[in-house]
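Visitor: Requesting a structural model of the entry that follows:
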Amino acid sequence: MPSLSADKILEVFFSYSHRDETLCDELNAHLAALRRQSVIRNWTDRKITAGDDWRDEIEKHLDSADLILLLVSSDFLNSDFCYLIETSRALLRHESGDARVIPVILRPVDWQGLAISKLQALPKDGKPVNSWTDRDEAWLNVAQGVRKAIEEMAGRKAQRIRESGLLPAAIPRPPRVGFVARRDQKGRDLLERLREEIAPERRQIVTLWGPGGMGKTTLAAESARAMADRFQGRIVWTGPQLRADFTASGLLDEIATQLGRSDLRTTPPAEKPELVRALLAESPALVVLDNFETIPKESQPQIVEWMIGAPCSVLITTRDKIDHTRSVSIAAMSPEESQDFVSRLIEEAHDRASFAGLDRDLIIETAERNPLVMQWIVAQIDEAQSPRDALAELRQGEGDAALRVFDRSFDLDQLGDDGRAALLALSLFTPNASRESLADVAGFGTDLKRLNEAVRRLARLWLVVAKDGGERLAIEGLTREMTRARINKFSNGGEFKQRYVANFLAYAESHNQPEPEDYDALEAERGNLLGAMDIAFETQNWRTVMRLMNAISANSNWLDVRGYWDEAKERGKQALTASHKSQDEESIAIYAHNLAIIYQDQGDLDEARSLYQQSLDIERKLGNQSGIAISLHQLGLFAQAQGDLDEARSLYQQSLDINRKLGNQSGIANSLGQLGRLAEDTGDKEEAARLFREALIIFEKLRSPSAEIARRSLERVEEQDKS
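Guide: Alright, predicted model coming up:
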């Protein structure tokens, strides 16, 4: 089968009655070759784990699946959930063209006249699987039909990518004055050279390096646009400007997300690198990592090591060479390039008469042929309308041209106090700011008219860029770096930081519920929310650190649900430190417990055990029976995972006893369910059935989604007991 040129492996959803689990397993086995070839990944509700919302998980995968297999039998048609809910949603996606739905007829059934009878069924002619003389032949027929459907879907997806010319949303737009062709010191066209170096068949890691403001990002973006067809849309644009803290794991998350596999964010850290490598290896891909030099030093070696071994083309922009990579340098513009660039800038000026008779070589010389600095100088002349005086001042002072010109831009009377306030405030945002939040942090309150005037002045000086159709604002690259240095030295820089933290604390607390719209709202400001928590931690505002953690985690578990494990762990550590500093023992117990879960999920069992025990000790000290029960239950899960079944049973029983005294029905049912699994694992089917039955009764009374998991567990042990 040809490799997929789409942006993800195709997902296959199995809709079936649990009375047909054996037949479902047989079909799964016959599709194993497609999974080994990384053509498909399948999903059944057996992948739902304890604690997941059963119905939400099913609906999520019904919406994301590319191919939906309806495993039809009389039990399937008699199941309200399978036929009325799953099938109805599947048919809607089939009719819209977003997914392909295929009925697989498992057992004889009268399905004519039903909505699904209009679909092409498998095996051939809709003959039931279990009525074939050779059942393996029937499954082979189904597998061939699934393979053919997948090939057709992959072809359509590849064609859509070719026609759309998809590029990542984060890639910078072309320059306002157009792209000026650049050449290296030997006269070679840099764009053509990069296109050769990052060609799909070469799979090289290339470093485009040079001083700040030289146009590295612009050239990298132009290269990505030029290569869009050859990579068929599989281009990732990422870097520290997109995240408050950029780590090796964060890089993998960005690659997975931009290539359509955000589900990989939730995979264990030990498995994630290989899974992302496999994703990149599906078909040619390009990863562009911009502004490498601003990544924390401790993360840089891990990132480079992983990138060197990645099965794709890589382009890194940075200020210094990186060992073991192909090196392409970019320096100041040549005199000819500078003349072309300055001419274009002047054409864009508001008052071109200001430049009449001006020796453009003076602009170029003053800017030291740095394109960003040339932009600033032309903008200053356009604003100040005193070109010779401006150039004379810009050639004086300490530091390189970029520092001198930026300092004068910042101090211009035309920028005004509001312009300076907006610029300083904007330096705190990652990666950009809504106009409402920026107005608040800059100290304008809700006065958007005042903000818009300040932004207009900043834009005319080339200090700010608009994003998302002008709805959001940002400063980038060298401008951002210099502005951040300013705010850290500014006498009232702390006030901007306080307003920034307060703004996003209020935002987080207004979206702290586990609702889809709240998750999306938190996602939209992820970088800023985490940035606010970082600032609160740096300034030792411990209560605010805890309030932010509670808002983004306590009710919605947003970071965990969306798979931001690194961020969840780092913020969990910050919150735990803040609770210790505040001597808030109740909070220490909660944060230690929550952080332990993350460490356990990521395989750091020693740290997880220590944190669980820390939480339990404090709960006992405080006499918090509910907290004790929760910690005991979690330690039971931990012991069970490590194979210490006697210890697990004792811990579950202690948790159960406490919950019965408290009348905590949900806690009782959870402990009964885990005790049932232990009984099943040790071969005591009768005891397991009794425990699952008790848990099921409680879950049904509570109308908990866990009732379905308990029901399936009970059916499983009863079936085993019969056999």
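Visitor: element containing W237?
Guide: Here W237 sits within strand 235-238, counting by DSSP states H and E.
Visitor: All the strands of this protein, residue numbers only.
Guide: Along the chain, counting by DSSP state E, strands occupy 10-15, 40-43, 67-72, 100-105, 205-209, 235-238, 286-289, 313-318, 326-329, 433-434, 465-467, 472-474.
Visitor: State the mean pLDDT of the strand holding W237.
Guide: Regarding strand 235-238, the rounded mean pLDDT is 93.
Visitor: Kindly report the same for stretch 695-712.
Guide: Stretch 695-712 shows a mean pLDDT of 87.
Visitor: Stretch 506-523 too?
Guide: Stretch 506-523 comes out at a mean pLDDT of 88.
Visitor: What of stretch 330-342?
Guide: On average, stretch 330-342 scores 93.
Visitor: rewinding a little: identify whichever of the strands of the chain lies nearest to V177.
Guide: When the strands of the chain are compared by Cβ to Cβ, strand 465-467 sits nearest V177, at 13.5 Å. The way it works is simple: take the backbone N, C-alpha and C, and place the C-beta from them, glycine included.
Visitor: Might you quantify the distance of that closest one from its chain's geometric centre?
Guide: Remark: strand 465-467 is offset 22 Å from the chain centroid, using Cα atoms, centre = their mean, to the nearest Å.
Visitor: in it, what's buried?
Guide: Going by neighbour count (16 or more other Cβ atoms under 10 Å), the buried part of strand 465-467 is 465, 467.
Visitor: Which strands and helices lie in contact with that strand?
Guide: Secondary-structure packing of strand 465-467 (3 or more Cβ pairs under 8 Å, 6 or more residues apart in numbering; DSSP states H and E): strand 472-474.
Visitor: State the paired neighbours of the strand it packs on in the sheet, together with their directions.
Guide: Sheet partners assigned to strand 472-474 using DSSP bridges are listed as strand 433-434 (antiparallel), strand 465-467 (antiparallel).
Visitor: Just list the residues touching the closest residue to I381 other than its chain neighbours, thanks.
Guide: Using Cβ to Cβ, 6 or more residues apart in numbering and skipping residues adjacent in sequence, the residue nearest I381 is P387, 4.5 Å away. Contact analysis of P387 by Cβ atoms under 8 Å, 6 or more residues apart in numbering lists 354-355, 358, 381.
Visitor: For G416, state which of those residues is nearest.
Guide: Proximity of those to G416 (Cβ to Cβ) peaks at I381, which lies at 18.1 Å.
Visitor: The closest one: neighbouring residues, count only.
Guide: Using other Cβ atoms under 10 Å, I381 has 24 other residues around it.
Visitor: One more: I85?
Guide: When neighbours are counted by other Cβ under 10 Å, I85 registers 16.
Visitor: heads up, I number from 24, so please use that
Guide: In the new numbering, first residue 24, that becomes I108.
Visitor: Distance check, it against E82.
Guide: As judged by Cβ to Cβ, to the nearest Å, I108 and E82 stand 8 Å apart.
Visitor: Now do D669: how many residues are near it, please.
Guide: Applying other Cβ under 10 Å, we find 10 residues neighbouring D669.
Visitor: That should have said D436, apologies.
Guide: The number of residues packed around D436, counting by other Cβ under 10 Å, is 7.
Visitor: ok, now the one 4 residues further on?
Guide: Other residues near D440 come to 9 when the count uses other Cβ under 10 Å.
Visitor: try D491
Guide: For D491, the count of nearby residues is 11 (other Cβ under 10 Å).
Visitor: My read is that L685 contacts S649, right?
Guide: Yes: the criterion here is Cβ atoms under 8 Å, and L685 meets it with S649 at 6.2 Å.
Visitor: sorry, back to before: can you check which of the strands of the chain gets nearest to R503?
Guide: The nearest among the strands of the chain, by Cβ to Cβ, is strand 495-497 at 8.0 Å.
Visitor: how much space is there between V152 and L50?
Guide: In this view, V152 and L50 are 8 Å apart by Cβ to Cβ.
Visitor: any residues in contact with both of these two?
Guide: Residues touching both V152 and L50 (Cβ under 8 Å, 6+ apart) are 127, 162, 165.
Visitor: Do you have the helices of the stretch 574-723 of the chain handy? List them.
Guide: Taking DSSP state H, counting those that start in this stretch to define them, one finds helices in the stretch 574-723 of the chain at 581-584, 588-604, 608-624, 628-645, 648-664, 668-685, 688-704, 708-725.
Visitor: In contact with the nearest residue to K520 once chain neighbours are set aside, which residues?
Guide: Residue nearest to K520 in three dimensions, not counting chain neighbours: I558, with 5.2 Å by Cβ to Cβ, 6+ apart. Shown in contact with I558 (Cβ under 8 Å, 6+ apart): 451, 520, 523-524.
Visitor: Stretch 636-654: which residues count as buried?
Guide: For stretch 636-654, burial by neighbour count (16+ other Cβ under 10 Å) applies to 637-639, 641-642, 647, 650-654.
Visitor: Of those residues, which is the nearest to M330?
Guide: Set against M330, the nearest of the buried residues of stretch 636-654 by Cβ to Cβ is Q637 (37.4 Å).
Visitor: hang on, that closest one packs against I611?
Guide: Yes: the pair Q637 / I611 is scored as a contact, 7.5 Å apart, by Cβ under 8 Å.
Visitor: so where is the stretch 324-473 of the chain shaky, pLDDT-wise?
Guide: Within the stretch 324-473 of the chain, the segments meeting pLDDT under 70 span 407-408, 420.
Visitor: all helices of it, in order?
Guide: Assigned by DSSP H, counting those that start in this stretch, the helices in the stretch 324-473 of the chain fall at 358-371, 383-389, 394-407, 410-417, 424-434, 439-449, 458-465, 471-483.
Visitor: Out of those, which gets nearest to S140?
Guide: Nearest to S140 among these is helix 458-465; the distance by Cβ to Cβ comes to 53.2 Å.
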